[in-house]
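Student: okay, predicted coordinates and the sequence, questions at the end:
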Amino acid sequence: MLFAVILHDKPGQGALRAELLPQDLEWLDHHSTEIIGAGSLRHEPGDVPLGGLWLVEAEHKEQVVALLQSDPFMNSPATKPLARL
C-alpha cells in the first residue's frame, strides 16, 4: 500500500533543519526501499522549507509510524511531533 506522509516544521527552525540535512539524507538513503519519494515543501523555490513529503510503500500504517519515529528530523526540535498519514 502507498502512504503519503506530510511533515510540518516548527516555525523558525530553518537553521536546525539545514544542520540535520546530511544526517537525514543518509537516513533516507538507508530507507529507500520503503520511502520511494521524499522532499521538502516550500512556498517558492529557494525558500526555507516548511516541512516535507514522503511517499512510503508499506503493508501497514504501523510500519510508517515506525519509520517516522526513527527519522532524524522527527526526533529533533525542528519538526512538530505530528505528521499526517
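Tutor: Right, received. Where do you want to start?
Student: on the three-state scheme, the residue located most distally from the centre of the chain is what?
Tutor: Distance from the C-alpha centroid of the chain peaks at Glu59, with 19.1 Å (CA atoms, centre = their mean). Put simply, Glu59 is coil when judged by DSSP: H, G, I helix; E, B strand; the rest coil.
Student: does it touch Glu34 like I think?
Tutor: No. Using CB atoms under 8 Å, Glu59 makes no contact with Glu34, being 10.3 Å away. C-beta here means a position set from N, CA and C on the backbone, and glycine is covered the same way.
Student: circling back: list the contacts for the residue farthest from the centre of the chain?
Tutor: Taking CB atoms under 8 Å, 6 or more residues apart in numbering, we find Glu59 in contact with Met1.
Student: pLDDT score for it?
Tutor: Listed pLDDT for Glu59 reads 96.
Student: now swap in the one 5 residues further on and tell me
Tutor: Val64 carries a pLDDT value of 94.
Student: cool, and Gly37?
Tutor: The predicted local confidence for Gly37 is 96.
Student: let me know the secondary structure of the residue nearest the centre of the chain.
Tutor: Ranked by distance to the mean C-alpha position of the chain (CA atoms, centre = their mean), the top residue is Gly52 at 5.1 Å. Three-state call for Gly52 (three-state DSSP): strand.
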